[in-house]
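Trainee: only geometry, no sequence info:
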């Protein structure tokens, strides 16, 4: 029996994990179905668009520009070993648009937005504000979850597109100012190398990452424990889950778009 005990623990862990995945999937499906049915709350949607989109611009812009500049320096240093310094514009463009732009924006959104959503909704649950919404015949899913999910689906792809452009601009600035590249030739190589598939994949990843970030924040906020400890645990777990799922989704989407 002692030999079977580790297998029992492993089995319980697997079952708990699958149950958690099922609960999240059902929550996400419920949220998406509520998007299509009235009533809607435009004021909450506008506030969510502001909080998720506009207020995330500074951190997204700074992250993208420094990443693009560092990427240009690294590619130049690595390419110099093989006399391939000229590939800097192409690799910066494809690296930012296909991978670094969407992933970094997604992780920044997870760190900033998912934690904020989880903490806000968990605090509302602890202080019984969600119960008050039910008393006032307001569906919590409609009022709290749907505006945040819709706002994330709209704004995160736009943030990814902006992050891609800023990242490429950061690489361009470093390459032209520090590495001696010709400005016109750098821009021409960037435009010639990028394909429509790269841009589409970047925007699709942004939408998926935004959905993950919003759903994780809402799910853990709505299912948080009582008290300050419950709020803290919900916030921490939501960010961890969102970050892991974003990286996993990135792997799957990259395989879908670029396996052919």
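Mentor: Arrived safely. Keep in mind that this is a model prediction, so the values were computed, not measured. Residues are numbered from 1 along each chain as shown.
Trainee: residues of stretch 240-258 that come out buried?
Mentor: Within stretch 240-258, the residues that count as buried by 16 or more other C-beta atoms under 10 Å are 241-243, 245-246, 249-250, 253-254, 257. From N, CA and C alone the C-beta is placed, and that goes for glycine too.
Trainee: which stretches of the stretch 151-260 of the chain aren't confidently modelled?
Mentor: 260 (pLDDT under 70).
Trainee: Going along the chain, name the helices of it.
Mentor: For the stretch 151-260 of the chain, the helices defined by DSSP state H, counting those that start in this stretch cover 183-193, 196-222, 227-258.
Trainee: what angle do the longest one and helix 196-222 make?
Mentor: When you say that, I think you mean helix 227-258. Interaxial angle of helix 227-258 relative to helix 196-222 (axes from the mean of the first three to the mean of the last three C-alpha atoms, to 10 degrees): 160 degrees.
Trainee: likewise the shortest one?
Mentor: Here the directions of helix 183-193 and helix 196-222 differ by 80 degrees (the same axes, to 10 degrees).
Trainee: center of this structure - which residue?
Mentor: residue 106 (2.4 Å; C-alpha atoms, centre = their mean).
Trainee: Name the helix or strand for that residue, please.
Mentor: Element membership of residue 106, judged by DSSP states H and E, is helix 101-109.
Trainee: from the middle of its chain, how far away would that helix be?
Mentor: 5 Å (C-alpha atoms, centre = their mean, to the nearest Å).
Trainee: what sits up against it?
Mentor: 52, 56, 59-60, 63-64, 67, 152, 156, 159-160, 163-164, 167, 202, 205-206, 209-210, 212-213, 243, 246-247, 250 (C-beta atoms under 8 Å, 6 or more residues apart in numbering).
Trainee: Could you look up the next helix or strand downstream of that helix?
Mentor: helix 115-126.
Trainee: re earlier: dump the buried residues of stretch 240-258 into TSV; add distance to residue 111 as well.
Mentor: Converted to TSV, these look like this (distance: C-beta to C-beta, whole Å):
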residue	distance to residue 111
241	13
242	9
243	8
245	14
246	11
249	16
250	16
253	20
254	22
257	25
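Trainee: closest to residue 116 among those?
Mentor: residue 242 (11.7 Å; C-beta to C-beta).
Trainee: my guess is the closest one contacts residue 211, does it?
Mentor: No: the pair residue 242 and residue 211 does not pass the contact test of C-beta atoms under 8 Å, sitting 10.3 Å apart.
Trainee: ok so, going back, okay, the residue nearest to the centre of the chain and residue 205: tell me how far apart.
Mentor: 7 Å (C-beta to C-beta, to the nearest Å).
Trainee: Then residue 239?
Mentor: 19 Å.
Trainee: what about these two, which has more around it?
Mentor: Of the pair residue 239 and residue 205, residue 205 is the one with more neighbours under other C-beta atoms under 10 Å, namely 26 against 23.
Trainee: Sweet, I'm off.
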